[in-house]
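Novice: What follows is a predicted structure for the sequence shown.
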Amino acid sequence: MTGSPSARDAAGSQPARGRFGRWRDQAVALGWLVVVWGLLWGDINWANLAGGLLVGGAVLVFFPLPAISFAGRLRPRALLVFAGRFAVELVRASLHVARIAVQPGYRPRGAIIAVRLRVPSDLNLALTAEAVSLVPGTLILEVDRDSGTLYLHVLDTHEPADLDVARERALIIERRIVRTVGSGAELRRVETASPERGTRP
């Protein structure tokens, strides 16, 4: 016995939507791999773009990534804000590390901190960890996928307030990323949750 036409149409369109979702996720993953490739080379040109597409395609074919659902949407205005502020932070952190390197007799102290993200999805963990690790003076040591926690080594810390500043800086980067590509529910979560303060690993 066959079902109604509407039921058959819904059943028939579901696999198509599933295939579209998988292709979309693969396209998003390839795009971010190309971006990471360009950042690693430190130059954006046609040769690096072609190389990133080839390497990213090979990674997705021979080393398939786990399925990551993308429930959000890209917000161009938030993307521009993120890029601009991130560029400023890169310059500021680079100058700070350069000053430490050339300052005679100065011995910076490092520390390891734990930062629990408000949105513990695989995509947000990967994007936030990548963005945080690109800032000079900060290094990702470990990612706890189960709890959504990043373990960071931060440079030039002398008191607990410096740890709070480093932790809040990572959470600000997460909030900007969620504002750029997060879903409505994820955006509400980072806007209403306050950054962690006064906690140490």
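Specialist: Done, it's in. Numbers count the residues shown, from 1 in each chain.

Novice: Spell out, range by range, the helices that occur in this structure.
Specialist: Per DSSP state H, the chain carries helices over the ranges 5-41, 46-62, 76-102, 122-134, 160-181, 184-192.

Novice: Quick check: buried residues in the second one?
Specialist: Within helix 46-62, the residues that count as buried by 16 or more other CB atoms under 10 Å are N48, G52, G56. In this view, the C-beta of every residue, glycine as well, is placed from N, C-alpha and C.

Novice: which residues are in contact with that helix?
Specialist: Under the contact criterion CB atoms under 8 Å, 6 or more residues apart in numbering, helix 46-62 has outside partners Q26, A29, L30, L33, V34, V35, V36, W37, G38, W41, L65.

Novice: Considering these, which member attains the minimum pLDDT?
Specialist: Looking at the contacts of helix 46-62 by pLDDT, the weakest one is L65, with 63.

Novice: Which one of the helices of the chain has the poorest average confidence?
Specialist: Taking the mean pLDDT of the helices of the chain, helix 5-41 comes last: a mean of 64.

Novice: Can you give me the domain boundaries for this structure?
Specialist: Structurally, the chain divides into domains by automatic domain parsing as follows: 1-70, 73-201.

Novice: With respect to burial, which of the ones you listed scores highest?
Specialist: Mean neighbour count (mean count of other CB atoms under 10 Å) peaks for domain 73-201 among those, with a mean of 16.

Novice: could you dump the contacts of helix 46-62 to a markdown table with distance to A129?
Specialist: Below are the contacts of helix 46-62 laid out as a markdown table (distance: CB to CB, whole Å):
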| residue | distance to A129 |
| --- | --- |
| Q26 | 21 |
| A29 | 15 |
| L30 | 19 |
| L33 | 15 |
| V34 | 18 |
| V35 | 14 |
| V36 | 11 |
| W37 | 17 |
| G38 | 18 |
| W41 | 20 |
| L65 | 15 |
